[in-house]
Structure formats: C-alpha cells, structure tokens
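>>> Build me a model from this:
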Amino acid sequence: MRKHDNCECERGGSFPVFGEGFSRRQFMRVAGTTLVASYFAPVLSARLVHDVKSVNPSLRNTAKNCILIFLAGAPSHIDTWDLKEGAWTPANFNPTQYGAFRFPQGLMPNTASHIDKVCIVRNGLAWAAVHSLAQTWVQIARNPSGATGAIAPHIGAVVALEAQINQQPTDVLPGFVSINQAMAGSGYLPARYAPFPVTASQNGLAALTHPDGAARFADRWNLIQKVDADRATDNLAKNASDMSSFYDQAKALFDTPAIASTFAYTAPEYARYGSTGFGGSLVVARNLVAARRGTRFVQVSLSGWDNHSGIYSPNGGIYAPMKSFDPAFGALLTDLAAAPGSMAGKTLLDETLVVVIGEFGRTVGPVNAQAGRDHFLRMSIAFAGGGVKGGRVIGATDPTGANATEFGILGRDARPEDVTSTIYSALGIDYTTVRHDDPLGRGFEYVPFAKDGVYGPIEEVFG
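Residues are numbered from 1 along each chain as shown. A predicted model of the protein is given here:
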C-alpha cells in the first residue's frame, strides 16, 4: 500500500446534514431531484433525517470478483427482464412461463436456458432520464453533478483499492479492467485504481515485449529510475505519483509476457460467444477472473439500446444489440459455472458476481409515433453468481411496468446506490465506509447515506 493510499476510514456514522423536521421520506424526495450536493452545504448536522438510524452492516462476502455488464442506451425493461405483453409484443418473443414469471424466451433463448441462475430485481428506479447523467450515476453511486460527484471514483476503482489488502505477489493485472467503455475513472483516488481500458482482440495485448530484447529493456528501465528518482516519491504530488504507478504496472506486465494471452480468445470461443465484439469482450472478462492475477472488477459495456424508433424492427431495434448480448451472456454463465473456483467445491460462478444493468428503462404500453420507446425511470437489474439465489424475481410492477407494486425488504424502489451496496456487500466491502482523505475535506462515503440506513444491499438477491 502506498503512503497516500492510507486514510482514516469510518465504518458507519451519523448523517452529514442537519435541520429540524426533515424526515427520511422528505429527504428521499429532495434527493430524487437534480439538486447538487452543495445545496445542503450550509446545513450540516446529524439531525436532518430523524427517522434514519446508523447501521452496522453485515456483509455477505460471497464473491471474490465482479463482472458488471453495462447496457448503455437503456434497454426496454418491459421487453426483457419485466416482460409486459400486449398488442405490440412480437410473436417471436415467444413469452414463456418460468415458475411464477413470464420471460421472452424467443428474444433471449440463451439467457432463458440459465434462468435458474439469474435473480431479477424489478423495482429498480433511476434518478435521471438523461443518458450521460444516469450512466455515470450508476457507475459512481451518486449524483455526478453534486460536489462529491466531481471527485467520485468508479465503483470498480473502489473494489481495486479494497482488494489491495489481500494483494499477492502474483497479482500483476490491474484490479479494475474496463472493456469497451467506462464513464468514470479513479476520481480523487490514485490513478493506479483507474480502469485499465481494453479493446478485446483475438490476438490479446500487443507490445508486451521490447523490440530490442529484455536486456535492453532492463537497461532503459534502470536508467529512468536513476534520472527520474523523484517520480517514485510523493514529493511531486499526485500527477507524478500517478505516472509512477503507470510505469510500475506496465513494468509488471512486461515482466510477465504470458499474461497477454489472458486478453485473447480462440476462434471457437469467439463463435460460441456469438461472433461479436461484445462476445469476445465477455471471453476476456471470463479469462481475467479465471486467471486470478489481480483483476477483481471487470466492466463490459454494450451500446445500441436507445430504441426511440423501430424497437421491434426485425433487423434492428432491440434485436440488434440482443443478438450480441444473449449468446455471449449465456456462454459466460456456462463457462463460469463449469470452471473450478479457488476453493474446494466452488465454481468460478460461485465466486463471481455478475450484474446486468442499464441507466434506466423505457416507456411502457403501446409504442410511440416512431414505433419506439422513450426514456423512462423504471428499470430492472439482473444478478447471477457470487452467492445469488437464481430463478427468482424481487419486486413487482403494475400491469404496464410503470410503477412498482412490490418492493421486497427494502420497502421502496431499488436505486443505483442500493445496487452498488449489493455489489460491495457480496465482495466483502463495507458499503458504509467513509474515507477522510478527500480533497473536499467533508468525508467521502463509498455509498452516500448508506451509513445512515438510507441505502443498503438488496438482501433478497442472496436468498
């Protein structure tokens, strides 16, 4: 652990804003607006939410890794995880009954074959219906326009930071790998925890060997250590220290050239995952967690879900991205379930939490004038592996899919902050943590207000 990575951290604590007569219900109503966090700056006190108590979290600690599949553009929840049938439903969706719920088997046949492994949360609700804002919100677990939003790390960066406690000498891979796109970086944390960006390729990572040979590379490395010694200290502040971390991470990869194959895939694997770029990306995600070389969080993004028009167009609409998602997701679950875990009797799926989420859902009922669906706050989230009890649905919505009618133990809509709390809990990370090394000096919460019980894990996901 580097010197500037150390901090005084709280577990639990009191609510950071004050004022009399402001209940939890009222707070949640205000928090649902686009008001920035600085709005509350003049009224800091523990008395603001008088019916919310500090929590002492009981962490699940059921997973070692997390693969977050981010469906950028927002898929229609009523056509996927929360199927609502109507005159608009294409016949080839082949709605099929699985236990107590219906599922579009024809649209998602590979996923349907693994429905016993998947837990669907249907009472999800986004805070904003603007793509960039909502996408970042999901990935940093807070309002991006708020004061701490500007310095907030991606949740994968937090996972990478926490994972260093158990780091092994063989852990040469970055703790957080992003394949295709991530909307946030390491925030105010050291850049060593930022997402390592990768574009999946059949040939894996290129240029992990020096063209002039290992000896020449060693000479050049030793030279730069001598002429740029201050770079490796904290004397030149964060930017220089971040650059030093980049050099060190690159050196570790150069010293382990065989690691390049972790980022590669074979032609048969590519075909089995659907012969798409997204499919190749999920092969790499599988390789990264299977390698057990330091990567604990992988985000894989798939766009194409912003179906304002022609959502049921046979050669486009929702079918186009689904042709990438469904075979790849099914193959990923197959492979993770078949691979041995690090502990006896466990599979790699048992040790890897897989989360599928977009930034929000899409409008319900009949399609719009362009035969599409527009932005809508109601959404669904899917979980698998990592201690998740599959084959079930948490929460329920009305016949249109617009409003939640059942909420589960949360007793309310499941927000992005709750999804993040669920991920952290599965990984054994205290989601109520408050760091005291933030540049604002106000204390950085892993999940805002979680320490006060406003947000927390969706416990039913785990059975």
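>>> where exactly do the strands run in the stretch 151-300 of the chain?
Taking DSSP state E, counting those that start in this stretch as the criterion, the stretch 151-300 of the chain carries its strands at 176-179, 196-198, 297-302.
>>> where among these is the average confidence lowest?
Looking over the strands of the stretch 151-300 of the chain, mean pLDDT reaches its minimum on strand 196-198, with a mean of 91.
>>> For that one, buried residues please.
For strand 196-198, a neighbour-count test (16 or more other C-beta atoms under 10 Å) marks Phe196, Val198 as buried. For glycine as for every other residue, the C-beta is placed from the backbone atoms N, C-alpha and C.
>>> Show me what it is packed up against.
Contacts defined by 3 or more C-beta pairs under 8 Å, 6 or more residues apart in numbering; DSSP states H and E place strand 196-198 against strand 176-179.
>>> hang on, the earlier thing: using TSV, lay out the strands of the stretch 151-300 of the chain together with distance to His375.
Output for the strands of the stretch 151-300 of the chain, formatted as TSV (distance: least, C-beta to C-beta, whole Å):
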stretch	distance to His375
strand 176-179	24
strand 196-198	27
strand 297-302	18
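>>> residues near Asn61, how many?
Residues lying near Asn61 (other C-beta atoms under 10 Å) number 12.
>>> Which pLDDT value goes with it?
The model's pLDDT for Asn61 equals 98.
>>> where does it fall, helix, sheet strand or coil?
Three-state assignment for Asn61 (DSSP: H, G, I helix; E, B strand; the rest coil): coil.
>>> How about Gly456, nearest residue that isn't a chain neighbour?
With sequence-adjacent residues excluded and distances taken as C-beta to C-beta, 6 or more residues apart in numbering, Gly456 is closest to Ser421, at 5.1 Å.
>>> sorry, that was for Ser309
Leaving out its chain neighbours, the residue that sits closest to Ser309 by C-beta to C-beta, 6+ apart is Gln370, at 3.6 Å.
>>> one step back: just the pLDDT for the residue nearest to Gly456.
Listed pLDDT for Ser421 reads 98.
>>> quick revisit: next, the contact list for the residue nearest to Ser309, please.
Applying C-beta atoms under 8 Å, 6 or more residues apart in numbering, one finds that Gln370 lies in contact with His308, Ser309, Gly310.
>>> picking that back up, and the residue nearest to Gly456, how far from Val461?
11 Å (C-beta to C-beta, to the nearest Å).
>>> Domain map for the chain?
Domain assignment of the chain by automatic domain parsing yields the ranges 58-201+264-435, 205-256.
>>> winner for burial among the ones you listed?
By mean neighbour count, with neighbours taken as mean count of other C-beta atoms under 10 Å, domain 58-201+264-435 ranks first of these at a mean of 20.
>>> Between the two ends of that one, how far is it?
Length of domain 58-201+264-435, first residue to last, C-alpha to C-alpha, to the nearest Å: 19 Å.
>>> Point me to the helix or strand that includes the residue nearest to Gly456.
Applying DSSP states H and E as the criterion places Ser421 in helix 416-426.
>>> ok, now Thr136?
Per DSSP H and E, Thr136 falls inside helix 131-140.
>>> Then Asn110?
Asn110 belongs to helix 109-112 when assigned by DSSP H and E.
>>> Please put the alpha-carbon coordinates of the next helix or strand after that helix into CSV.
Later in the chain than helix 109-112, the nearest helix or strand by DSSP H and E is strand 118-125. The C-alpha trace of strand 118-125 is given here as CSV (Å, rounded to 0.1, in the frame of the first residue of the first chain):
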residue,chain,number,x,y,z
VAL,A,118,-30.5,-15.4,-12.6
CYS,A,119,-32.2,-13.2,-10.0
ILE,A,120,-34.2,-10.3,-11.4
VAL,A,121,-34.9,-7.1,-9.5
ARG,A,122,-38.0,-5.4,-11.0
ASN,A,123,-38.5,-2.5,-8.6
GLY,A,124,-35.4,-0.6,-9.9
LEU,A,125,-35.7,3.1,-10.4
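>>> what's the angle between strand 118-125 and helix 416-426?
Interaxial angle of strand 118-125 relative to helix 416-426 (axes from the mean of the first three to the mean of the last three C-alpha atoms, to 10 degrees): 150 degrees.
>>> Now tell me what touches strand 118-125 from outside.
77, 81-82, 101, 111, 357, 361, 377-384, 388-397, 404, 406-408, 410, 412-415, 419, 458, 460-461.
>>> my guess is Trp81 contacts Ala382, does it?
Yes. Contact criterion C-beta atoms under 8 Å: Trp81 and Ala382 qualify, at 5.7 Å.
>>> Which residue, other than its chain neighbours, is closest to Ala100?
Excluding its sequence neighbours, the residue lying closest to Ala100 (C-beta to C-beta, 6+ apart) is Val393, at 7.1 Å.
>>> any low-confidence regions in the stretch 201-350 of the chain?
207-214, 217-222, 226, 228-247, 249-255, 257 (pLDDT under 70).
>>> that older thread, using TSV, please lay out the domains of the chain together with distance to Gly441.
Compiled in TSV, the domains of the chain are given as follows (distance: least, C-beta to C-beta, whole Å):
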stretch	distance to Gly441
domain 58-201+264-435	11
domain 205-256	16
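>>> looking at those, which is closest to Gly443?
domain 58-201+264-435 (4.7 Å; C-beta to C-beta).
>>> mind checking the SS state of Val434?
Val434 is classified as strand under three-state DSSP.
>>> Tell me if I'm right that it and Asp452 touch.
No. The criterion here is C-beta under 8 Å, and Val434 misses it with Asp452 at 10.8 Å.
>>> Output the contacting helices and strands for the longest helix anywhere in the chain.
With DSSP state H setting the assignment, residue counts place helix 319-338 as the longest helix in the chain. Applying 3+ C-beta pairs under 8 Å, 6+ apart, we find helix 319-338 packed against strand 65-71, helix 109-112, helix 277-291, strand 297-302, strand 352-358.
>>> repeat that for 7 Å
Counting by 3 or more C-beta pairs under 7 Å, 6 or more residues apart in numbering; DSSP states H and E, the packing neighbours recorded for helix 319-338 are helix 109-112, helix 277-291, strand 297-302.
>>> hmm, who's touching that helix?
With contact meaning C-beta atoms under 7 Å, 6 or more residues apart in numbering, helix 319-338 is reached by 107-111, 113-114, 117, 272-274, 276, 278-279, 282, 286, 302, 304-305, 347-349, 352, 384-385.
>>> how about 8 Å then?
Identification of contacts with helix 319-338 by C-beta under 8 Å, 6+ apart yields 67, 69, 71, 73, 75, 107-111, 113-114, 117, 272-274, 276-279, 281-282, 285-286, 289, 302-305, 312-313, 347-349, 352, 354, 356, 384-385.
>>> Now do that helix against strand 65-71, angle only.
Calculated by the same axes, to 10 degrees, helix 319-338 forms an angle of 170 degrees with strand 65-71.
>>> Now do helix 319-338: distance to the chain's middle.
How far helix 319-338 lies from its chain's middle: 17 Å, per C-alpha atoms, centre = their mean, to the nearest Å.
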